[in-house]
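J.: Could you work out the structure for the sequence below:
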Amino acid sequence: MTFLHVFLVFLHILGAAAIFGGWLANFKTPTVNVWQWYGSIAQLVTGLLLVGLAEMQDFEVNHIKIAVKILLAIGVFVAALLGRKKIKAGLPVPTGLAHGTGGTALIAIAVAVLWV
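T.: Numbering: from 1, shown residues only. Prediction:
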């Protein structure tokens with residue numbers, strides 16, 4: 001179980017890096033790139049798996065923090081989804097939507113690290 005936990009944390013961090021890094025890379029010309037979309041999926045899936053794994057092993061889980069993190073992850077996922085749909089339709093991604101994707105991910109990272 002230790003390897004699975006570490007591997008899921010690794011994928012979770014990669015997802016956060018994809019979202020946040022993609023946001024910073026496109027900050028002057030805001031858009032939602034494909035890596036932000038993949039990162040949002042990775043964050044949501046690995047986050048839920050990590051909580052499930054912790055619950056299975058009877059670790060103490062802060063359910064309020066997890067609820068906040070899930071809401072933020074869903075927000076990032078929806079923003080990335082809408083941004084990718086705009087791009088596939090050949091439309092420009094609104095600046096607020098692009099910055100909402102990265103900014104919400106930054107808030108989720110801050111909650112994960114600073115809420116102890």
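
J.: And the next helix or strand past the helix ranked longest in the chain?
T.: Using DSSP state H to define each element, the chain has its longest helix at helix 63-88. Once the chain leaves helix 63-88, the next helix or strand it forms, by DSSP states H and E, is helix 95-114.

J.: Which residues does that next one contact?
T.: Applying Cβ atoms under 8 Å, 6 or more residues apart in numbering, the external contacts of helix 95-114 come out as 16, 19-20, 22-24, 26-27, 30-32, 36, 39-40, 43, 65, 68-69, 72-73, 75-76, 79-80, 82-83, 86. All C-beta spots, glycine's among them, are computed from the backbone N, C-alpha and C.

J.: So what's the gap between it and the chain middle?
T.: On the basis of Cα atoms, centre = their mean, to the nearest Å, helix 95-114 sits 8 Å off its chain's mean C-alpha point.

J.: and that helix, C-alpha only, in PDB?
T.: Extracted as PDB, the C-alpha positions of helix 95-114 are listed here (Å, rounded to 0.1, in the frame of the first residue of the first chain):
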ATOM      1  CA  THR A  95      -9.400  35.600 -20.000                       C
ATOM      2  CA  GLY A  96     -11.400  35.100 -16.800                       C
ATOM      3  CA  LEU A  97     -11.900  31.400 -17.600                       C
ATOM      4  CA  ALA A  98      -8.200  30.900 -18.300                       C
ATOM      5  CA  HIS A  99      -7.100  32.700 -15.100                       C
ATOM      6  CA  GLY A 100      -9.900  31.000 -13.200                       C
ATOM      7  CA  THR A 101      -8.400  27.600 -14.100                       C
ATOM      8  CA  GLY A 102      -4.900  28.500 -12.900                       C
ATOM      9  CA  GLY A 103      -5.900  30.700 -10.000                       C
ATOM     10  CA  THR A 104      -8.300  28.100  -8.500                       C
ATOM     11  CA  ALA A 105      -5.600  25.500  -8.800                       C
ATOM     12  CA  LEU A 106      -3.200  27.800  -7.000                       C
ATOM     13  CA  ILE A 107      -5.800  28.200  -4.200                       C
ATOM     14  CA  ALA A 108      -6.200  24.400  -4.000                       C
ATOM     15  CA  ILE A 109      -2.400  24.000  -3.700                       C
ATOM     16  CA  ALA A 110      -2.300  26.600  -1.000                       C
ATOM     17  CA  VAL A 111      -5.200  24.800   0.900                       C
ATOM     18  CA  ALA A 112      -3.400  21.500   0.600                       C
ATOM     19  CA  VAL A 113      -0.100  22.900   1.900                       C
ATOM     20  CA  LEU A 114      -1.100  25.500   4.400                       C
END
